[in-house]
Structures are given as structure tokens and as C-alpha cells.
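> kindly return the folded structure for what I paste below:
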Amino acid sequence: MSEIEILKVIASILALAVAIIGHEIMHGYIAYRYGDTTAKNQGRLSINPIVHVDLVGTILIPAVLYFTNAPFLFGWAKPVPVNMPTVIRNGGHNGAIAVALAGITYNLILALFFATLMPLFTNPQDLTTAFFTLFIAQSIMINVVLAVFNLWPIPPLDGSLALVNLAQKLKWYKVVEIYEKIYPYGMLVLFGILFIPQLSNILFMPVGWILDLII
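Model (predicted):
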């Protein structure tokens, strides 16, 4: 493995860690702003990566994607616990939607931030500059992929939680009922989509649109 390849692996791991750990912390932080101290009490607002590691989402899925030469890398951290009744009591369904979309918002802002830095690292002259170039490029890609992935309206992803709370707010009780029925099967549907390239490619199409927009 060449020096550049080693740097790319390290940059990818660090970029993924910053993206998924920050994503989960933001859920807990916004919930905390609405009076829910669950995540804070359990030490989940910490930047310590150990408390956020999920065996499947943080280790297995990224490793499989990397070793199968997938076009991009993504994963997830251990979900931050949120007491949604407390959030809704203090902030209504708007508060619940804000909590649901907090991680996605973080990822998009981070991608935009790194996109503004990219022009500064277009011509790396040494290994240090090359590392930062790779880290920035991976950060942009990973954060956009995570944002799009989590917006899918499939339980237990953030998009489904936001949609359910929007439906409750608008009194679309049939939508809520449908989601309650499909929730137990959400992970099966999700993994099915991820391992069917034709379908996952369609659902990941917004990644390219966003990258074209910000880069």
C-alpha cells in the first residue's frame, strides 16, 4: 500500500468519525435545548468516539464498503437516546422535527464548510497537504452521503421520524398508522435497499446534485 493510499484510509476514517459522531451529538444537543437531559446524563454529548461506536454502523458497514471498492464511504454511530415526549411537551412537534433533522443539518453545514476550504488545497506539495486535501474531499463526500441517506423516509432513519412528527402535527393520522406498522421491518427494508445497487443508486442520486451545487 502506497503512502497516498495509507493517507486516504486515515483521512476517510477521521472524516467518517467527525461526520457520524457530530451527527449523533447534534440530536442529543437539540433535544437538550428542548429540556431532554437523557443524552447528557448518559454522557452521549461527549466527543469521545468510544461512547458512540456501533459495531455494525461504525465498523462493519464502512469496512465492507471500503474493501468492496464502493464509490463512497458511509456509516452511522450508536443512536443518541432522546426522550421524545419531553421534547414534544416543551417544543411541540416542531421541536421533535428539529431534533430529527439536527444531524442532517450538521452534515450539510459541515460539507458546505469543507467545500469552501477545498480551493485552498487544490495543489498539494507534500504529504501533510495531501492528507488535508484527502480529508477535505472525503469529508465533503461522506457528509453529503450521510445527509441524503438519513433523509430517506425509512424507519428508523431521521427522515421517517421527521415525517411522522410532521404527520402528527398536521393530523395525518393514517400516515402515522402506516409508519407504526412498518417500523419493525424498517431495518430489513433498509439493508435490502443498500444491497440492491439499482435501487440504492436511485435513492443516492441527490448526492451528485448536492455535490454539483456546493463544489
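
> state which helix of this structure is the longest.
Counting residues, the longest helix found in the chain (DSSP state H) is helix 84-117.

> what is that one packed up against?
When contacts are defined as 3 or more Cβ pairs under 8 Å, 6 or more residues apart in numbering; DSSP states H and E, helix 84-117 sits against helix 3-33, helix 127-151, helix 158-169, helix 205-214. Yep, even glycine has a C-beta here, placed from its N, CA and C like the rest.

> that helix: how far from the chain's middle?
Mean C-alpha position of helix 84-117 versus that of the full chain (Cα atoms, centre = their mean, to the nearest Å) differs by 11 Å.

> spell out for me which residue occupies the centre of this protein.
residue 146 (3.7 Å; Cα atoms, centre = their mean).

> you'd agree that one is up against residue 21?
No. Between residue 146 and residue 21 no contact is recorded; they are 11.3 Å apart, counting by Cβ atoms under 8 Å.

> buried ones in the longest helix of the chain?
Neighbour-count burial for helix 84-117, counted by 16 or more other Cβ atoms under 10 Å, picks out 84, 86-88, 91, 93, 95-104, 106-108, 110-112, 114-115.

> how big is the angle separating that helix from helix 127-151?
Relative orientation of helix 84-117 and helix 127-151, computed by axes from the mean of the first three to the mean of the last three Cα atoms, to 10 degrees: 140 degrees.

> taking helix 205-214 as reference, get the angle to helix 84-117.
Using the same axes, to 10 degrees: helix 84-117 against helix 205-214 is 50 degrees.

> begin at 120 from now on, thanks
I'll keep to 120 as the first residue from here, and by that count the last item is helix 203-236.

> how big is the angle separating helix 203-236 from helix 277-288?
Using the same axes, to 10 degrees: helix 203-236 against helix 277-288 is 130 degrees.

> quickly note the distance from residue 178 to residue 195.
Look at residue 178 and residue 195: by Cβ to Cβ, to the nearest Å, they are 11 Å apart.

> which one of these two has more residues nearby?
residue 195 (22 against 12; other Cβ atoms under 10 Å).

> how about the secondary structure of the residue nearest to the more buried one when sequence neighbours are not counted?
Using Cβ to Cβ, 6 or more residues apart in numbering and skipping residues adjacent in sequence, the residue nearest residue 195 is residue 176, 3.5 Å away. Three-state call for residue 176 (DSSP: H, G, I helix; E, B strand; the rest coil): helix.

> mind showing which ranges of the chain have poor pLDDT?
120, 190 (pLDDT under 70).

> tell me the secondary structure for the residue of the chain most remote from its centre?
The centre of the chain is farthest from one residue, residue 244, which by Cα atoms, centre = their mean lies 32.0 Å away. Following three-state DSSP, the label given to residue 244 is coil.

> and it, how far from residue 216?
46 Å.

> for residue 200, grab the count of nearby residues.
Residue 200: 14 neighbours (other Cβ under 10 Å).

> might one say that it is in contact with residue 157?
Yes. Between residue 200 and residue 157 there is a contact at 4.8 Å, judged by Cβ under 8 Å.

> which neighbours do these two have in common?
residue 147 (Cβ atoms under 8 Å, 6 or more residues apart in numbering).

> out of the helices and strands packed on helix 203-236, flag the one nearest residue 297.
helix 277-288 (9.1 Å; Cβ to Cβ).
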